[in-house]
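Trainee: Based on what follows, work out the 3D shape:
(one chain, ligands or ions: 1)
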Amino acid sequence: MKALITGGAGFIGSHLSEELLGRGNEVAVFDDLSTGNLSNIDHLRRITGFTFHQGSVLDDMQELSSLIEHSDHIYHLAAVVGVAYVLEHPVAALETNTRGTENVLRLASQFSDARSKKRVILASSSEVYGKSAKVPFREDDDSVIGPTLVSRWGYACAKALEEFVGLAYHREKGLPVVILRLFNTVGPRQTRRYGMVMPRLVSQAIAGEPVTVYGDGEQTRSFTYVKDVVKAIADISLVPSADGQLFNVGNNREVSINELAELVRNVLDSPSATVHIPFSEVYGAEFEETRRRVADISKIREYISYAPTTNLAFVVKEIADDLRTRQGEQGVGGANERSG
Ligand code: UDP
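Mentor: Take a look at the predicted model:
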């Protein structure tokens with residue numbers, strides 16, 4: 001099988017590349033290196049069957065078109081990521097996530113015929129549930145999105161639009177499309193530059209700097225280990241009955257950010273103190289937070305064997321090892337740097 005991974009030089013994309021190569025597939029990565037990084041895939045470039053192509057899903061249509069033509073499965077991960085990054089680059093967040101996805105779907109449809117169809121796996125986000133208070137989130141739950149004045153919800157709407165367009169291509173053009181809502185994926189190679197909590201807290205704890213918890217820290221997330229996530233992505237892409245379906249790829253364990261901060265400090269035996277910082281100081285006055293986020297994962301478990309049970313303490317240690325290695329190689333800057 002020939003796989004194309006847009007955004008394959010990013011955190012999740014690079015792990016997915018490894019997973020698919022490990023299963024004997026050919027993998028082409030297409031990435032504009034805006035938030036992805038060649039260092040994530042350096043170790044893969046020697047492997048037969050792996051190729052890297054630099055380009056954007058917005059601007060480099062010739063290259064994208066040729067790559068899609070020669071692929072069987074297209075894993076569309078190219079996206080603007082991270083709440084902090086999205087707030088600083090709202091235009092890119094909206095354009096890449098909507099127009100970029102439309103480009104991929106249109107080309108996949110153009111190069112499909114009755115005998116051979118491209119299967120597209122779209123990486124969406126749990127952000128689409130917005131600030132819904134009904135947890136755990138199920139795929140058929142309502143999205144609860146706040147006012148357009150709050151940029152964060154533009155990202156949520158862009159991801160929702162991406163899902164609508166994917167489902168429309170499936171219904172109207174018969175394109176096999178599988179949509180995955182990823183929940184706070186964590187693991188090695190995730191950079192803290194785009195504001196994500198796990199790499200930030202781990203790098204702060206390693207440096208002995210204050211561990212920054214935003215708000216009262218009682219907001220919750222369900223952190224999911226990247227290797228569990230990419231295994232699920234690879235597995236579900238082989239299930240024909242998943243076409244036209246939407247799945248949560250998350251975890252049903254709910255962890256508050258206060259608990260996460262404590263876990264990180266304990267696991268890394270860090271002298272860091274925890275400091276609470278008001279959201280308004282970090283994200284500006286017009287920010288709205290998602291108070292609780294937990295995935296109902298019963299649907300995906302009807303289709304594949306999915307057990308995201310990897311222990312969070314193990315993941316914290318692995319991230320710390322990875323950060324220390326990369327710190328040695330390239331220098332990671334101040335631990336409290338917020339965004340790229
Ligand atoms: N967060 C925090 N300290 C940080 C970075 C993030 O307390 O240094 C909080 C953030 O406000 C949110 C949670 O951690 O409540 C998860 O943030 P992240 O940006 O990783 O993901 P998302 O908000 O998209 O779930």
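
Trainee: Please work out how many residues are found near F164.
Mentor: By other C-beta atoms under 10 Å, 10 other residues sit near F164. Glycine gets a C-beta too; all of them are placed from N, C-alpha and C.

Trainee: Make sure it is indeed in a helix.
Mentor: Yes. With DSSP: H, G, I helix; E, B strand; the rest coil as the criterion, F164 is part of a helix.

Trainee: ok, now how distant is it from R152?
Mentor: For F164, the distance to R152 equals 19 Å [C-beta to C-beta, to the nearest Å].

Trainee: can you check I74 too?
Mentor: Noted for I74: a distance of 28 Å to R152, by C-beta to C-beta.

Trainee: Residue numbers of the stretch 1-150 of the chain in contact with the ligand?
Mentor: V83 (C-beta under 6 Å from any ligand atom).

Trainee: Closest approach to the ligand from the stretch 1-150 of the chain, which residue is it?
Mentor: Closest contact between the stretch 1-150 of the chain and the ligand, by C-beta to the nearest ligand atom, is at V83 (4.4 Å).

Trainee: Surely that residue touches V150?
Mentor: No. At 11.2 Å, V83 does not count as touching V150 under the criterion of C-beta atoms under 8 Å.

Trainee: which of those two has more neighbours?
Mentor: Shown here are V83 and V150; by other C-beta under 10 Å, V83 has more neighbours (22 against 17).

Trainee: Count the neighbours of the residue lying closest to that one once chain neighbours are set aside for me.
Mentor: Nearest residue to V83 in three dimensions, chain neighbours excluded: G195, at 5.6 Å (C-beta to C-beta, 6 or more residues apart in numbering). Neighbour count of G195, defined by other C-beta under 10 Å: 23.

Trainee: now G195: how far from S39?
Mentor: Taking C-beta to C-beta, one finds G195 at 20 Å from S39.

Trainee: what about R181, is that helix, strand or coil?
Mentor: Secondary structure state of R181, per three-state DSSP, is strand.

Trainee: what do you get for A3?
Mentor: Assigned state for A3: strand (three-state reduction, three-state DSSP).

Trainee: And for it, the neighbour number?
Mentor: Residues near A3, counting by other C-beta under 10 Å, number 26.
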